[in-house]
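Asker: Predicted model, plus sequence, below.
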Amino acid sequence: MPELPEVETVRLGLQRLLPSKRIASVWFDTEKSFPNATADVESFLIGAQITNVERRAKVLIINLSTDYSLLVHLKMTGQLVFVGKERFGAGHPNDSLINPLPDKSTRVSLDLGDAVLYFNDQRKFGWVRLLPTVEIPNIDFMKKLGPEPLSSDINAKLFHERLARRVGTTIKAALLDQSVIAGVGNIYADESLWAAQIHPATRVRDLSEQQTSLLFTELQAVLRLSIEKGGSSDRNYVNAEGKKGSYISFAKVFRREGQACPRCGSTIEKTRVAGRGTHVCTTCQKEPV
DNA sequence: CACTTGACCTGTCCGC
DNA sequence: TGCGGACAGGTCAAGT
């Protein structure tokens, strides 16, 4: 669920809260939550100061003063929540959180002296990794990523060229392919395809340059709007302060099956494309023949 | 090689 | 009310 706008919202919050904090202690439940973590992971982290927080695709990068970085992937149900310790005091109910932390989904926690950073993940798909900062671009995950859709590294023409890597598949599968363009997931794939009036099952080779250009424009627009609204909170997603985003109420088709299409009034349908639940208005988005 | 499907997990929801 | 099964979706491995 956390896609680019949700991860970016978390980043904005953490960038405001974390810099200059020093790691006092580290806890993690199992090695799966912290791959390659060994006993001495603590020696790499304790005493390190957080310098800044970056994002690449759906991955958060917490840079440390020691030239190491913590990488966090939230996958579907991950959360990264900052909680000030004053909230634990008697008479200070933890009112900004839906539930008090830690809870049974907590996988990793970093004690920051006057606050705690919790990595929670109900479904245990997410991970935290510790790497030398200079090594980040060299790991397989990063090497495969396409350009950031909101950066100057991409434009409509380049988008069209990158889609050409996947001409035989559906446009929805191509949008979800992180090597084509980074950070798009199921919500923004469906939303941008509706906005561009392209059926998700359309083969990439059948799209004109005019269509992919419009899709690119609409993709950027939905991503920007969602960041402005603090992301989509469908189920688990919360920002760095444990609060939900509001984009989902602005969504035109996602999770709106059975409702009227905001453009033409036809009923929005839910189908399956590229193995994912897919929301479509078949009046506005003509099915491929 | 290009592309699709299943596995990884757990909580929630739906039908019986 | 309890219970089984489908479903949610990011990414990688395995299959076609």
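Answerer: Looks like it came in fine. Residues are numbered from 1 along each chain as shown, chains lettered A, B, ... in the order given.
Asker: do you know how far residue A:178 is from residue A:221?
Answerer: Residue A:178 sits 20 Å away from residue A:221, going by C-beta to C-beta, to the nearest Å. Glycine gets a C-beta too; all of them are placed from N, C-alpha and C.
Asker: Let me see the contact set for residue A:72.
Answerer: The contact partners of residue A:72, by C-beta atoms under 8 Å, 6 or more residues apart in numbering, come to A:59-60, A:62, A:78, A:80, A:119, A:126-128.
Asker: Of those, which are in range of DNA strand C?
Answerer: The overlap between the contacts of residue A:72 and the neighbourhood of DNA strand C (criterion: C-beta under 7 Å from any atom of the strand) consists of residue A:59.
Asker: And the contacts of residue A:72, which is closest to residue A:138?
Answerer: Nearest to residue A:138 among the contacts of residue A:72, counting by C-beta to C-beta, is residue A:59 at 14.2 Å.
Asker: Name whatever forms a beta bridge with residue A:71.
Answerer: Beta-bridge pairing for residue A:71 (DSSP bridges): residue A:61, residue A:129.
Asker: Compute the number of surrounding residues for it.
Answerer: For residue A:71, the count of nearby residues is 19 (other C-beta atoms under 10 Å).
Asker: what does residue A:9 give?
Answerer: Using other C-beta under 10 Å, residue A:9 has 27 neighbouring residues.
Asker: Give me the helices and strands touching the helix or strand containing it, please.
Answerer: When elements are assigned from DSSP states H and E, residue A:9 belongs to helix A:4-17. Other elements packing on helix A:4-17 under the criterion 3 or more C-beta pairs under 8 Å, 6 or more residues apart in numbering; DSSP states H and E are strand A:50-56, strand A:59-64, strand A:78-84, helix A:209-228.
Asker: any idea of the angle it forms with helix A:209-228?
Answerer: Direction vectors for helix A:4-17 and helix A:209-228, defined by axes from the mean of the first three to the mean of the last three C-alpha atoms, to 10 degrees, enclose an angle of 40 degrees.
Asker: Check the offset of helix A:4-17 from the chain's centre.
Answerer: Averaged C-alpha coordinates place helix A:4-17 at 10 Å from its chain's average position (C-alpha atoms, centre = their mean, to the nearest Å).
Asker: got the buried residues for that helix?
Answerer: Residues of helix A:4-17 classed as buried under the neighbour-count rule (16 or more other C-beta atoms under 10 Å) are A:4-15, A:17.
Asker: For the residues you listed, could you give me CSV that also reports pLDDT and distance to residue A:237?
Answerer: Formatted as CSV, the entries for the buried residues of helix A:4-17 read as follows, by pLDDT from 0 to 100; distance: C-beta to C-beta, whole Å:
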residue, pLDDT, distance to residue A:237
A:4, 94, 12
A:5, 94, 10
A:6, 93, 5
A:7, 94, 10
A:8, 94, 12
A:9, 94, 9
A:10, 94, 9
A:11, 95, 14
A:12, 95, 14
A:13, 95, 13
A:14, 95, 15
A:15, 96, 18
A:17, 96, 18
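Asker: export these to JSON lines and tack on distance to DNA strand B?
Answerer: Rendered in JSON lines, the data for these read as follows (distance: C-beta to the nearest atom of the strand, whole Å):
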{"residue": "A:4", "distance to DNA strand B": "20"}
{"residue": "A:5", "distance to DNA strand B": "22"}
{"residue": "A:6", "distance to DNA strand B": "18"}
{"residue": "A:7", "distance to DNA strand B": "18"}
{"residue": "A:8", "distance to DNA strand B": "24"}
{"residue": "A:9", "distance to DNA strand B": "22"}
{"residue": "A:10", "distance to DNA strand B": "20"}
{"residue": "A:11", "distance to DNA strand B": "24"}
{"residue": "A:12", "distance to DNA strand B": "27"}
{"residue": "A:13", "distance to DNA strand B": "24"}
{"residue": "A:14", "distance to DNA strand B": "25"}
{"residue": "A:15", "distance to DNA strand B": "29"}
{"residue": "A:17", "distance to DNA strand B": "27"}
